[in-house]
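Colleague: just coords:
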Ligand code: ADP
Ligand code: MG
């Protein structure tokens with residue numbers, strides 16, 4: 001079980017106010033999409049949830065527990081980035097098991113967890129390959145596999161499909177939706193692509209310049225956009 005709450009989160013880099021008081025409630029097993037134009041603060045917000053960046057002010061709670069001073073490894077979440085940065089000299093199996101190796105998990109247990117993730121992601125036949133012998137979609141699946149083996153209660157995705165071509169993006173969206181069903185995990189997904197947001201989200205959070213413009217289901221946002229920005233961004237008829 002994993003809920004997430006953000007309470008008046010503020011982030012400043014020097015004089016630059018990047019996140020200006022964000023409040024948010026994420027329910028257990030919800031698929032939440034942060035959407036907004038480039039530079040609005042999506043990645044910064046995600047990095048603060050992950051613990052890779054400290055908030056200037058405000059609280060981050062996971063299952064009601066304050067996370068502000070807790071390191072990334074102890075938060076029970078895993079992040080999948082846009083640039084999947086697989087280790088080129090390692091096989092798919094070793095890439096997927098690497099974080100477990102760092103955590104001191106035994107070889108046999110690593111193998112078991114990697115195999116289970118590979119099965120979910122249909123990578124079983126590719127475990128001995130190096131990243132350069134994989135397609136873009138396969139590489140992205142390996143990156144997701146690295147997150148799955150850690151059995152996180154919350155997955156954080158930062159524009160994971162933006163390097164893929166249009167056809168593959170459609171396929172990966174379907175696979176991610178299936179993964180969400182199968183893993184029963186809470187997922188927070190960042191994108192600047194409103195189609196991804198509309199098709200994947202239980203709940204959409206529309207951001208502009210570090211401020212939440214509106215939170216709601218795709219249908220709520222489409223039919224009842226609060227302002228012109230949301231309407232324009234979501235593509236509602238106005
Ligand atoms: P998004 O992911 O929505 O494109 P980001 O969260 O990456 O936006 O960035 C939001 C704003 O914060 C941008 O204006 C960016 O230049 C600024 N920013 C991000 N990281 C830093 C940093 N380490 N130092 C200064 N400014 C930053
Ligand atoms: Mg970003």
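Modeller: Happy to help now that I have it. Bear in mind the structure is a predicted one, so any value in this text is a computation, not a measurement. Ligands and ions are numbered 1, 2, ... in the order given.

Colleague: Of all the residues in the worst-scoring helix or strand of the chain on mean pLDDT, which ones are buried?
Modeller: Ranking every helix and strand in the chain by mean pLDDT, DSSP states H and E puts helix 166-183 at the bottom, with a mean of 89. Under the neighbour-count criterion of 16 or more other Cβ atoms under 10 Å, helix 166-183 has 168, 169, 172, 173, 175, 176, 179, 180, 183 buried. (C-beta placed from N, C-alpha, C; glycine too.)

Colleague: show me the contacts for the fifth one.
Modeller: Spelled out, that is residue 175. 121, 141 (Cβ atoms under 8 Å, 6 or more residues apart in numbering).

Colleague: now what about stretch 133-146, what contacts it?
Modeller: 78, 80-81, 84-86, 92, 95-96, 98-99, 114, 117-118, 121-123, 126, 131, 160-161, 163-165, 168, 171-172, 175-176, 179.

Colleague: Which among those residues count as buried?
Modeller: 78, 80, 84, 86, 92, 95-96, 98-99, 114, 117-118, 121, 123, 126, 131, 160-161, 164, 168, 172, 175-176, 179.

Colleague: would residue 110 count as being in a helix?
Modeller: Yes: according to DSSP: H, G, I helix; E, B strand; the rest coil, residue 110 belongs to a helix.

Colleague: what about it, how many neighbours?
Modeller: Look at residue 110: counted by other Cβ atoms under 10 Å, it has 20 neighbours.

Colleague: what about it, distance to residue 127?
Modeller: 12 Å (Cβ to Cβ, to the nearest Å).

Colleague: shaky segments in this protein?
Modeller: 83, 238 (pLDDT under 70).
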